[in-house]
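**Student:** Generate coordinates for the sequence data below:
(one chain, ligands or ions: 2)
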Amino acid sequence: MRILSGIQPSGTLHMGNYFGMMKRMVDYQEQNELFCFIVNYHALTSVFEGDKLRQGTFNAACDFLALGLDPDKSVFWVQSDVPEVTELTWLLSNVTGMGLLERGHSYKDKTAKGIPANHGLFAYPVLMAADILLYGGERVPVGKDQKQHLEMARDIAIRFNNIYGETFVVPEPDIAGDVATVPGTDGQKMSKSYGNTIEIFADEKTLKDKIMKLKTDSIPVDEPKPVEGNVLYDLYALFLDDAGKEALKERFLTPGLRYGDVKKEIFATILEYFAPYRDERARLAKDRQFVVETMQKGAMKARQAASFYIDKARRNVGLDYWNR
Ligand code: ADP
Ligand code: TRP
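**Tutor:** Ligands and ions are numbered 1, 2, ... in the order given. Take a look at the predicted model:
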């Protein structure tokens with residue numbers, strides 16, 4: 001199965017990104033054909049400083065490699081190293097209705113808040129569809145917030161195939177039920193735009209501060225604690241298997257549990273879980289040449305896969321005028 005997903009290089013990696021998308025990608029590389037990329041073209045909709053984008057892209061590459069993405073087992077590259085994706089965006093734009101894009105959440109949210117939206121933000125879902133269709137992605141692991149974008153990519157693929165004949169694979173979204181939304185420090189969805197993130201490579205002190213300040217209810221110690229919607233339970237559960245989750249639930253439901261103790265355990269668990277990745281991350285950050293070469297080799301593999309679909313699309317729409 002060809003599994004494909006991308007991540008924006010526009011912020012520091014947090015636990016939502018890790019459990020919602022990156023970990024699942026790394027797990028998939030063992031049994032599947034994995035395509036994973038850093039979407040720097042998409043980041044241009046919100047990052048307007050060249051240096052920030054350069055640094056963010058390099059950091060995201062280090063993050064993924066440190067977290068276990070193996071460039072020999074997968075295809076791992078930077079989106080803009082295969083610029084054919086922008087050509088495909090144009091071909092797809094012409095089968096994408098205005099209505100479809102006008103219903104887009106991110107565009108609608110911005111305009112509703114009075115933030116002027118640019119054309120890039122409006123057309124964002126078309127570029128994302130091109131990302132997927134260019135490589136024949138069959139399954140796309142993302143967090144729940146990307147569900148609508150995936151539906152749009154499917155609509156665009158189906159419409160293109162209907163007009164021009166079978167050209168693209170229609171992708172399936174892959175949203176894991178139990179980690180569909182990782183909560184942030186305030187209990188809302190963890191997101192860099194809400195300022196409620198827990199960064200996976202944060203230093204020990206910052207991490208401790210964030211965990212100890214997690215917002216909890218004020219139920220007395222000698223009463224049972226709720227599990228549903230409890231940010232402590234939800235965060236801790238990310239690190240546990242089914243039996244571990246059951247045991248944790250039992251502890252919450254038994255009077256006497258102190259939230260302060262649970263916080264300390266969560267802090268220790270996170271620290272221990274990410275420790276090996278943290279060391280590898282620091283090593284990679286110093287080896288710029290290796291990281292850059294790895295990404296460029298990845299782009300060559302990606303480009304090869306892309307040529308099949310872009311050539312077919314060019315032919316099917318009739319750009320091959322020499323073939324008359
Ligand atoms: P953010 O919301 O912080 O801007 P991105 O939109 O860059 O994060 O998300 C990158 C990937 O991580 C996407 O696949 C997204 O669905 C996933 N993701 C982000 N936040 C969460 C979360 N809180 N829970 C689950 N998955 C998430
Ligand atoms: N829009 C996605 C996000 O913000 C990132 C993305 C761009 C993506 N292209 C993609 C995800 C293709 C999956 C497949 O998280």
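**Student:** mind listing what's buried in the helix or strand where residue 132 lies?
**Tutor:** Per DSSP states H and E, residue 132 falls inside helix 119-133. Of the residues in helix 119-133, 121-133 count as buried by neighbour count, 16 or more other CB atoms under 10 Å. (C-beta placed from N, C-alpha, C; glycine too.)
**Student:** now swap in stretch 231-244 and tell me
**Tutor:** 231, 232, 233, 234, 235, 236, 237, 238, 239.
**Student:** what's the answer for stretch 52-59, then?
**Tutor:** Neighbour-count burial for stretch 52-59, counted by 16+ other CB under 10 Å, picks out 53, 56, 57, 58, 59.
**Student:** Quick one: residues in contact with that stretch.
**Tutor:** 9-12, 38, 40, 43-44, 47, 78, 285, 288, 291-292 (CB atoms under 8 Å, 6 or more residues apart in numbering).
**Student:** Can you select the buried ones from the residues you listed in ChimeraX?
**Tutor:** The buried residues among the contacts of stretch 52-59 can be selected in ChimeraX (16+ other CB under 10 Å) with this line:
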select :9,10,11,38,40,43,44,47,78,285,291
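**Student:** before we move on, back to that, okay, and which of the buried residues of stretch 231-244 map to helices?
**Tutor:** 231, 232, 233, 234, 235, 236, 237 (DSSP state H).
**Student:** which residues are in contact with stretch 306-320?
**Tutor:** By CB under 8 Å, 6+ apart, the residues outside stretch 306-320 that reach it are 82, 84-85, 87-88, 91, 133-136, 160, 164-165, 167-168, 323.
**Student:** Now the helix or strand containing residue 207: average pLDDT?
**Tutor:** Here residue 207, judged by DSSP H and E, is contained in helix 204-212. Mean pLDDT, computed over helix 204-212, is 95.
**Student:** to the chain's geometric centre, what's the distance from that helix?
**Tutor:** 24 Å (CA atoms, centre = their mean, to the nearest Å).
**Student:** ditto for stretch 102-115
**Tutor:** Per CA atoms, centre = their mean, the centroid offset for stretch 102-115 relative to its chain is 20 Å.
**Student:** Would you mind measuring the gap between the ends of it?
**Tutor:** End-to-end distance for stretch 102-115, by CA to CA, to the nearest Å: 15 Å.
**Student:** What lies in contact with it?
**Tutor:** So stretch 102-115 is in contact with 101, 116, 117, 121, 122, 124, 125, 148, 149, 152, going by CB under 8 Å, 6+ apart.
**Student:** Within the helices and strands, which one has the first one?
**Tutor:** Yep, that's residue 101 we're talking about. Taking DSSP H and E as the criterion, residue 101 maps to helix 98-102.
**Student:** and the helix or strand following that helix, which residues are buried?
**Tutor:** On the C-terminal side of helix 98-102, the nearest following helix or strand under DSSP H and E is helix 105-112. For helix 105-112, the neighbour count (16+ other CB under 10 Å) marks 106, 107, 110 as buried.
**Student:** which of those residues lies closest to residue 142?
**Tutor:** Ranked by distance to residue 142 (CB to CB), these are led by residue 106 at 13.7 Å.
**Student:** how far away is the closest one from residue 309?
**Tutor:** Distance of residue 106 to residue 309, given as CB to CB, to the nearest Å: 26 Å.
**Student:** now swap in residue 145 and tell me
**Tutor:** From residue 145 across to residue 309, the span is 26 Å (CB to CB).
**Student:** same thing with residue 268?
**Tutor:** Residue 268 sits 47 Å away from residue 309, going by CB to CB.
**Student:** re earlier: residue 145 and residue 309: which is more packed in?
**Tutor:** The neighbour comparison of residue 145 against residue 309 (other CB atoms under 10 Å) goes to residue 309, with 19 against 16.
**Student:** Assumed residue 22 was part of a helix.
**Tutor:** Yes. Checked against DSSP: H, G, I helix; E, B strand; the rest coil, residue 22 lies within a helix.
**Student:** so who does it touch?
**Tutor:** 7, 13, 63, 64, 67, 69 are the contacts of residue 22 under CB under 8 Å, 6+ apart.
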